[in-house]
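Asks: Sequence first, predicted coordinates after that:
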Amino acid sequence: GWAGALLADGSEPGPVYLDMGSGPRMQQTTEWWAYDGRMPSRPQAAWVRAACACGWRGESRFPIGQGQLGAHGDFDVSGARKEWSRHIRDVERRSVPLPVGLAERLEQLGDELLALADQAPLAAVRAVGELERLTTDVGHLAAQNIHADEISWKAAGEALGLSEREARSRIVRYSLRR
């Protein structure tokens, strides 16, 4: 999630494309700071509101006043972040649960890999490669079973806590990976 920009007319501006250095990759954002008025070629945000990749938008609007920006263009977005956190808790309650033991093992694995990345980065890269091979195989099998069970994109999105479009994209990507 992010603190998204809203223009004075209440609309969301189109994404800003950011050149992250040499190369073909461009990043895009609709975060409020990209519309803070420092770049005259971009529209200026009047409000901040919570936004999520699933398509959800918060109901609250937090006004951005000229005197509210800090010396570095910072702005208190804690209200938007709290609203997004409530949304995520709601999404997690509605999403398909992971078995408790698996969720705990995944959390432990994440902690171990982070520690390994600090202590033995080459071993961490090797472990990530092994995980990628495993997740490719499991993801492909799961995607095939989703197709075989004729689960709708809407149901898949709700179960995964994603929009229909994102659920379809993820499942198709897993289907095609080998």
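Replies: Perfect, thanks for sending it. Numbering: from 1, shown residues only.
Asks: contacts, neighbours, all on C-alpha from now
Replies: OK.
Asks: immediately after the longest helix belonging to the chain, which helix or strand?
Replies: Ranked by residue count and defined by DSSP state H, the top helix of the chain is helix 121-148. Once helix 121-148 ends, the next helix or strand along the chain (criterion: DSSP states H and E) is helix 153-160.
Asks: which parts of that next one are buried?
Replies: Using 16 or more other C-alpha atoms under 10 Å as the test for burial, helix 153-160 gives W153, A156, G157, E158, A159, L160.
Asks: Could you dump these into a markdown table and include distance to R38 and pLDDT?
Replies: Formatted as a markdown table, the buried residues of helix 153-160 follow (distance: C-alpha to C-alpha, whole Å; pLDDT from 0 to 100):
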| residue | distance to R38 | pLDDT |
| --- | --- | --- |
| W153 | 41 | 95 |
| A156 | 41 | 94 |
| G157 | 38 | 90 |
| E158 | 39 | 88 |
| A159 | 41 | 92 |
| L160 | 38 | 91 |
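Asks: circling back to that earlier point, so for the longest helix of the chain, what gets flagged as buried?
Replies: A124, T136, G139, H140, A143, Q144, I146.
Asks: re the thing from before, looking at the buried residues of helix 153-160, which is nearest E107?
Replies: L160 (18.1 Å; C-alpha to C-alpha).
Asks: now the strands: where do they sit in the protein?
Replies: 2-6, 16-19, 26-29, 47-51, 62-63 (DSSP state E).
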